[in-house]
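# here are the coordinates; sequence isn't available:
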């Protein structure tokens with residue numbers, strides 16, 4: 001499967017699978033964030049944080065459905081989702097990732113952060129490239 005396909009469906013299929021993979025890295029990390037009080041650190045209640053998280057996942061799922069239907073809007077939503085996750089992970093956790101000291105649950109906690117950075121960047125980049133490619137056709 002090509003990341004940027006000659007046919008629209010190939011590229012959208014790649015973005016769809018990349019987006020789905022994101023649940024594997026984001027869900028455990030967010031659970032850990034909730035355990036370690038990250039929402040409260042920013043003055044956000046657990047209830048509001050849960051609602052915002054659910055809204056974000058809802059947008060991601062709409063993007064996945066639109067990708068499955070071959071709609072360009074799925075690429076736009078995936079670009080947005082990937083960019084937000086990437087920016088959030090870099091802003092909140094990059095210093096933690098770079099520290100040599102133990103972090104939260106140990107190495108796995110850093111793996112989740114690195115995974116979100118790599119995944120969010122990949123989702124945003126591949127979505128952007130497919131959007132750009134689809135405009136040229």
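Happy to help now that I have it. Quick caveat: nothing in here was measured; it's all calculated off a predicted structure.
# sec struct for residue 58, please.
Under the three-state scheme (DSSP: H, G, I helix; E, B strand; the rest coil), residue 58 adopts helix.
# how much space between it and residue 52?
Distance from residue 58 to residue 52, counting by Cβ to Cβ, to the nearest Å: 11 Å. C-beta here means a position set from N, CA and C on the backbone, and glycine is covered the same way.
# all helices for this protein, in order.
Under the criterion DSSP state H, helices of the chain are mapped to 8-35, 38-41, 46-68, 72-98, 107-136.
# now those helices in CSV, with mean pLDDT?
What follows is the helices of the chain, written out as CSV (pLDDT from 0 to 100):
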stretch, mean pLDDT
helix 8-35, 92
helix 38-41, 92
helix 46-68, 96
helix 72-98, 93
helix 107-136, 91
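# export those helices as CSV, with columns for mean neighbour count.
As requested, the helices of the chain are exported to CSV (neighbours: other Cβ atoms under 10 Å):
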stretch, mean neighbour count
helix 8-35, 18
helix 38-41, 14
helix 46-68, 15
helix 72-98, 18
helix 107-136, 18
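# tell me how far stretch 104-122 lies from the chain's centre.
Taking Cα atoms, centre = their mean, to the nearest Å, the mean C-alpha location of stretch 104-122 is offset from the chain mean by 11 Å.
# ditto for stretch 93-104
Centre-to-centre, stretch 93-104 and its host chain are 20 Å apart (Cα atoms, centre = their mean).
# ok, now stretch 67-74?
17 Å.
# what's the span of it, first residue to last?
5 Å (Cα to Cα, to the nearest Å).
# next: stretch 39-49.
Taking Cα to Cα as the measure, stretch 39-49 stretches 6 Å from start to finish.
# residues making contact with that stretch?
33-34, 52 (Cβ atoms under 8 Å, 6 or more residues apart in numbering).
# tell me the one among these nearest to residue 101.
Closest approach between those and residue 101, by Cβ to Cβ: residue 33, at 18.5 Å.
# how close does the closest one get to residue 76?
According to Cβ to Cβ, residue 33 and residue 76 sit 27 Å apart.
# go on, residue 125?
Residue 125 sits 14 Å away from residue 76, going by Cβ to Cβ.
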